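Chemist: What follows is a predicted protein model with its sequence.
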Amino acid sequence: MAQILKAAPVVEALNERLERRIVSLKETGVTPTLAIIRVGEKPADLSYERGARKRCEAAGVRVKLFALPEDCSQEELERTITGVNRSIDLHGCLMLRPLPRTLDEAAACALLDPEKDVDCLTPSSLYGVFANEATGFPPCTAEAVIATLDHYGIGLAGKRVTVVGRSLVIGKPVSMMLQARNATVTMCHTHTADMREECRRAEILVVAAGHAHTITPEFVSGGQVVVDVGINFDEETHKLCGDVDFATVEPLVEAITPVPGGLGTVTSAILCKHVVDAAERQTGRRTSR
């Protein structure tokens, strides 16, 4: 039986550290506040918004919603982003994506102040991840992978890590963050010649394929740690599932994250952490002026 790398202990430890920092900020009259920009009312966006709001408010982070209509103009969206940038009471911003096709998403993301970009939407934040510099913030999910491995004492230096998926949302950023921790990283994608063998060779397997049950027993080997980033809806069972076929893979590996109850919950906790980080940075900057 594999060790199940559950989110709850990771989140509890993160929240414990955050609580002290939030109290310190509030003693100076600063309440860490997240702005959420949502365009339209897609079910997935509403679900993510509810989860983020619940986690933030439970941790003591205030949330302010900017809900725009599905048919809003580019000018209206950019005016909202500019308002968030200028507000000293809003410390972080999460813009739910993808935006409607009528809007220029790249231009909207580029307009956001990197110091308020708590989920790596801007080119500056992405540069910070790739250059290993403290510019903006890394993607919450990518940092959740690192935080989970750290919490369970799974070292990265010198380890062979395979990342399945190469998106800018998770695959590429987490690969760079793993390399910054001195892991030796291989990235797999749809054109990888022998993905099964590349996955089996890894000591740590991070799966962000975006498709349910991509990783089955023939992709894994004994002694591996498997981190499942995927969140999918299984049409047969009508339940959430990951990119890993948990039931068949779990008996074969050393440790594995579950879905649900894994990376998703840690990601929300990291979002709170980023808002607090941003509030501390901005408060320090304003105090020094």
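Modeler: Sure, I can see it.

Chemist: three-state assignment of the nearest residue to S87 once chain neighbours are set aside?
Modeler: Of all residues not flanking S87 in the chain, A35 sits nearest, at 7.8 Å (C-beta to C-beta, 6 or more residues apart in numbering). No exception for glycine: its C-beta is placed from N, CA and C like everyone else's. Following DSSP: H, G, I helix; E, B strand; the rest coil, A35 is assigned to strand.

Chemist: Can you report how many residues lie near A35?
Modeler: 26 (other C-beta atoms under 10 Å).

Chemist: In the stretch 51-200 of the chain, what residue spans correspond to strands?
Modeler: In the stretch 51-200 of the chain, the strands defined using DSSP state E, counting those that start in this stretch lie at 62-68, 92-95, 160-164, 184-188.

Chemist: Select, out of those, the one closest to F130.
Modeler: strand 184-188 (13.0 Å; C-beta to C-beta).

Chemist: Run me through the strand neighbours of that closest one, direction for each.
Modeler: According to DSSP bridges, strand 184-188 forms sheet pairs with strand 160-164 (parallel).

Chemist: Which positions in the strand it pairs with come out as buried?
Modeler: For strand 160-164, burial by neighbour count (16 or more other C-beta atoms under 10 Å) applies to V161, T162, V163, V164.

Chemist: Also stretch 261-273?
Modeler: Across stretch 261-273, burial judged by 16+ other C-beta under 10 Å covers G262, L263, G264, T265, V266, T267, S268, A269, I270, L271, C272, K273.

Chemist: Then stretch 29-43?
Modeler: Neighbour-count burial for stretch 29-43, with 16+ other C-beta under 10 Å as criterion, is recorded at V30, P32, T33, L34, A35, I36, I37, R38, V39.

Chemist: follow-up on the earlier one: any chance of the buried residues of strand 160-164 in JSON lines, with distance to A59 and pLDDT too?
Modeler: As requested, the buried residues of strand 160-164 are exported to JSON lines (distance: C-beta to C-beta, whole Å; pLDDT from 0 to 100):
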{"residue": "V161", "distance to A59": "30", "pLDDT": "98"}
{"residue": "T162", "distance to A59": "33", "pLDDT": "98"}
{"residue": "V163", "distance to A59": "29", "pLDDT": "98"}
{"residue": "V164", "distance to A59": "31", "pLDDT": "98"}
